[in-house]
Structure formats: structure tokens, C-alpha cells
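Student: need the 3D shape of this:
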Amino acid sequence: KMAQLDKTFPTLDCAACILTPKIVDVAQNDKIRIYSYSEVTGVKGFVGNFDVTIKRRARYVKEDVCTGCGACTEKCPQRKVPNEFNLGMDNRRAIYIPFAQAVPKVATIDPNYCMMLKTGKCGVCSKVCAAGAIDYHAKDEYIEEKYGAIVVATGFNPISMEKFDEFAYSQSKDVITSLELERLMNAAGPTGGTLLRPSDHEHPHTIVFVQCVGSRCSACAEKGKEYCSKICCMYTAKHAMLIRDKYPDTNVTVFYIDVRTPGKNFDEFYRRAVEDYGVNYIKGQVGKVAPQSDGSLLVQGVDLLENKQILKKADMVVLATAIEPNPDVRKIATMLTASIDTNNFLTEAHPKLRPVESPTAGVFLSGVCQGPKDIPETVAQAGAAAVKVIGLLAKDKLKTNPCTAKPDELRCNGCSQCANVCPYGAISYENRQVNDHGIREERRIAVVNSALCQGCGACTVTCPSGAMDLQGFSNRQIIAEVDAICR
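Tutor: Residues are numbered from 1 along each chain as shown. Just a heads-up that it's a prediction; the model follows:
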């Protein structure tokens, strides 16, 4: 998402100027392998010994041959493909490079729009490619890799606006989200950095920002999110300052519930927007945005400080939408046997003592997958996670929790109930030869991986035959302890 931003608060530095050198350094590091256009489909094993299955989607372009010259993207006749990077506000070709600073800078063919892949008629990109990198017969491939640790950094998405039709997002092109405003103000965006209304490409003279759209919806949790998204107040102040600085004739109004600026120099940044740039902040919520026949937008809100209703005409309305974890994070949490909360954020092992570690050993967290945070916090957490990984992999041996589950082979009947309730995936089954009072027979026996087991005890209470015990806390040991106390 940072590649889509124009400037970053509170320093107003160029996002691409910060991000691009880092991406290039990663790409040029011999010890880092980038699997782009790929996804993790399976994770097995435990700390220090993870087996990861990676699905590499077919690009239909040979990554090691393509030079990124862009000749194919210029000549492709299919021009009406919505551009995801610009949030659908302009179009791209069926073969494309996501953005100018993309690493690796390799073209990708979209199979949903490519006429050659759909009908077998076209092939223009193959004809103009001087390097011969086009491969229409490419297939998805699966790669198996071994890793000692995993860092989850799946990011976030703005929430869908389908349930917030009172703001007329689906009715008017001039009601946009904050991320869409970022692309409109970006020099590489759909308007070349000039702020224009999407409907008629005219310069807006009155802009209204609406805060907390989808955030802090405790009264209507099924519609939005109960939590504060944490970044909206600051990036709205940033947007207001940038607009007033570049277009002094534009009137900017912000409707807010509370202005939350807890970071270093954050409150000073907000005060600059109000005092130096003349941004009008109104404490109150917007109830409705109504498109008018003349193309303007009528904003119906309330000023809680003056206790009055407000009707304000605007040329453009910008919604500060809530953020939520990537929708695939629940599937990833299942693969990693990681804990997840009701908002689909991954849960840390301890909020103060182990804030970047998952309860599953060897799995670490970074960024918004763990909770709402801004760029400096994300960078700090990513650095902490990297240091934790280095500390883990630098050791020859690891200490494990001695209080782990252990099955009694003579009493285990192989019913699988313990494996079904184990939240860490630590229990598997093997067929073993068991000597039961002189009778040797083969049985299906539970086996506990002590590297994965966290000693939670869920299996011990579930086992119908009483075969599973925690080492050091078996029923016999606890009864003996109670007897000793009672003497």
C-alpha cells in the first residue's frame, strides 16, 4: 500500500523516495529471494523446520528474460482493463507492469482480459517483444521450500463501502475514499498529480472530509468495525494541508468525532493544519451525502459544539474509511496454527513482553496483520521481528516447554479426538508395535511433537480413555501432591 501513497505524515516525505531504494536493496541482496506474483498455500512442520508450499502463478512472461522495456504494454490492443493500482480510476492494458518502480520490473499478462489466452487470436505482445519473453503456455507451478522461521506481514485493505450508501459512494463519482485521493494527488496517478473531480475533470473548490467511516461502529458492528483505525486522523490532516498548500482557493472542511494524535509531533501536525493552513474542523458526524442536479454534493451533518444542523454544498467528498486485515489472513492463520481475534487480527503471544511473536513458536508478526498501525510503528515492529528471527536462527539448540503432553501407548485407542482439539497441530498418529501384558500387536497411537506443543492441556481433558497427560501434571502426580498436603 505504501507504493500507492503520495506523501507520508508527519514529515510529508515522498513515499516512493523512501520505499524504492529499500525495494532495490532487497532485490540486489544475494541472500534474499523474492517470489513475486506468488502465494503460500501450505505450511507444515515446526520452529526451525517449516516446510512451505508456494504457488507461483503463471505470468505468461519469462521472468528471467523480460527486460521491462514496456514495448508490449504500449502495443497491446486491449486497453479497457481497470487499473487495480489506481483503484479502478483509469485503465491499463491486458499485459502490464503494476507501477514504474515495481520490483522485479517484469510484465504480467492478465488471463481474464488477454485475447490470445481467451480466444487464441492476437499475439501482438509476442511479436513486439524483442527479448522473446512471452510464453502463452506457461502454467502455475508449486515450489517446496524449507525455512526456520516465518514473519507474517499480510497488510491491510480499506473496508468495502457497500454498506455505507448514505454517503452516496455508489451514486456519485465525486465521493471518493482517502486512498483514491492519494492516487489523484500522485504525479504517477490517473490525473498526473492534478486534483480533479472524477466526474467532469474540473478542479474542486469545496472539499469535505468525513472521518471514521466504518471505524468505531460499536452500535452497528455488522456494518463497520468497532476499533479505531488509528491512521485516519493524521492522513486526513495531511490531505487537507497538501490541498490547501497547492490549491489555496479550495475550501477544506473536516467532520470528525475525535481527533486522535498520540504520536511524536502528531498533535503539532494537526495544529498546523488548523492554524497555518486554515482547515475548518467541525466536531460532528455526517448523516447523509445527497448528489444534486447541478453536479454538486449536499452534505448533511451536525456541529456538536454549537448544537446545530449543517447543510454544506461540496464539489467533492472524501471518506476516511476504516482499515481491516487482508481477507486471506484467516486462511494463513489456519495454516500457521496462529491465534486470531474477532476482528481477524493475528494475536501476539503477550501484548507487552512478546508483542511481535505469535503463540506458535517460530512465527512472528509485523504490521497491520496484528493491529492498526502507521508506517513508523510498522517499521519498528518489522525490525523487532527480524531481530527475533536472527536470535532464533543463531542458536544451535532451542529450549522447549517441559510441560508438554505425553500419551500412554497402552491406553490410547487412536480415536483422533486429541488431534482435533489441538490448536497448535502438535498431535499426529503412527502405527506402532505395542506390548500389552505380553501380547504384541500393532496399534494406532497418538504422537506429540514437543517442539509444537505449548502445554495448554486441551488434549488431556478431551481424551475419552484418559491416555493423554501433561508431563509433570499427570493425574497420578496431582493426586499424590494433594495427598501429601492433606497429611
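
Student: what about stretch 472-484, distance to the chain center?
Tutor: Relative to the centre of its chain, stretch 472-484 is centred 47 Å away, using C-alpha atoms, centre = their mean, to the nearest Å.

Student: over to stretch 384-398?
Tutor: 24 Å.

Student: ditto for stretch 182-199
Tutor: For stretch 182-199, the distance from its own C-alpha centre to the chain's C-alpha centre is 25 Å (C-alpha atoms, centre = their mean).

Student: and what of stretch 217-234?
Tutor: Counting by C-alpha atoms, centre = their mean, stretch 217-234 is centred 17 Å from the centre of its parent chain.

Student: in it, which residues are buried?
Tutor: With burial defined by 16 or more other C-beta atoms under 10 Å, the residues of stretch 217-234 counted as buried are 217, 224-225, 227-234. C-beta: built from backbone N, CA, C; applies to glycine.

Student: which one of these sits closest to residue 324?
Tutor: Residue 324 has its nearest neighbour among the buried residues of stretch 217-234 in residue 225, at 6.4 Å by C-beta to C-beta.

Student: I'd assumed residue 325 was in contact with the closest one.
Tutor: No - with contact defined as C-beta atoms under 8 Å, residue 225 does not reach residue 325; the gap is 10.4 Å.

Student: got any residues that touch both of those two?
Tutor: By the contact definition C-beta atoms under 8 Å, 6 or more residues apart in numbering, residue 225 and residue 325 are jointly contacted by residue 343.

Student: any idea how far residue 2 is from the residue nearest the centre of the chain?
Tutor: Centre of the chain computed as the mean C-alpha position; nearest residue by C-alpha atoms, centre = their mean is residue 155, 2.0 Å away. According to C-beta to C-beta, to the nearest Å, residue 155 and residue 2 sit 9 Å apart.

Student: about what we covered before: need the buried residues of stretch 217-234 in JSON lines (columns: secondary structure and distance to residue 388).
Tutor: Output for the buried residues of stretch 217-234, formatted as JSON lines (DSSP: H, G, I helix; E, B strand; the rest coil; distance: C-beta to C-beta, whole Å):
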{"residue": "217", "secondary structure": "coil", "distance to residue 388": "34"}
{"residue": "224", "secondary structure": "coil", "distance to residue 388": "34"}
{"residue": "225", "secondary structure": "coil", "distance to residue 388": "29"}
{"residue": "227", "secondary structure": "coil", "distance to residue 388": "26"}
{"residue": "228", "secondary structure": "coil", "distance to residue 388": "27"}
{"residue": "229", "secondary structure": "coil", "distance to residue 388": "27"}
{"residue": "230", "secondary structure": "coil", "distance to residue 388": "23"}
{"residue": "231", "secondary structure": "coil", "distance to residue 388": "25"}
{"residue": "232", "secondary structure": "helix", "distance to residue 388": "30"}
{"residue": "233", "secondary structure": "helix", "distance to residue 388": "31"}
{"residue": "234", "secondary structure": "helix", "distance to residue 388": "28"}
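
Student: am I right that residue 118 is in a strand?
Tutor: No - Residue 118 sits outside any strand when classified using DSSP: H, G, I helix; E, B strand; the rest coil, being helix.

Student: and the residue lying closest to it once chain neighbours are set aside, how many neighbours?
Tutor: Ranked by C-beta to C-beta, 6 or more residues apart in numbering and with sequence neighbours excluded, the top spatial neighbour of residue 118 is residue 111, at 7.6 Å. Residues within reach of residue 111, counting by other C-beta atoms under 10 Å, total 16.

Student: can you tell me which residues contact residue 111?
Tutor: 58, 60, 117-118.

Student: before we move on, the earlier item: per-residue confidence at the residue nearest to the centre of the chain?
Tutor: Looking at residue 155, its pLDDT is 92.

Student: same question for residue 413.
Tutor: We have a pLDDT of 87 for residue 413.

Student: report the strands that pair with the helix or strand residue 281 falls within, each with its relative direction.
Tutor: Element membership for residue 281 (DSSP states H and E) is strand 280-283. Applying DSSP bridges, strand 280-283 is found paired with strand 251-256 (parallel).

Student: what does the strand it pairs with rub up against?
Tutor: 205-212, 233, 236-237, 240, 243-244, 277-286, 299, 301, 312, 314.

Student: narrow these to those that are buried.
Tutor: Applying 16+ other C-beta under 10 Å to these flags 206-212, 233, 236-237, 240, 243-244, 277, 279, 281-282, 284, 286, 299, 301, 312, 314 as buried.

Student: any idea of the mean pLDDT for the longest helix along the chain?
Tutor: For the chain, the helix with the greatest residue count under DSSP state H is helix 375-393. Taken as a whole, helix 375-393 has an average pLDDT of 94.

Student: which parts of it are buried?
Tutor: 375, 377-378, 381-382, 384-385, 388-389, 392.

Student: check those against residue 81 and report the nearest one.
Tutor: residue 375 (30.0 Å).

Student: show me what the nearest residue to that closest one once chain neighbours are set aside is bridged to.
Tutor: Nearest residue to residue 375 in three dimensions, chain neighbours excluded: residue 8, at 6.0 Å (C-beta to C-beta, 6+ apart). Beta-bridge partners for residue 8, by DSSP bridges, are residue 13.

Student: got a list of what residue 8 touches?
Tutor: When contacts are counted by C-beta under 8 Å, 6+ apart, residue 8 touches 2, 14-15, 18, 238, 375.
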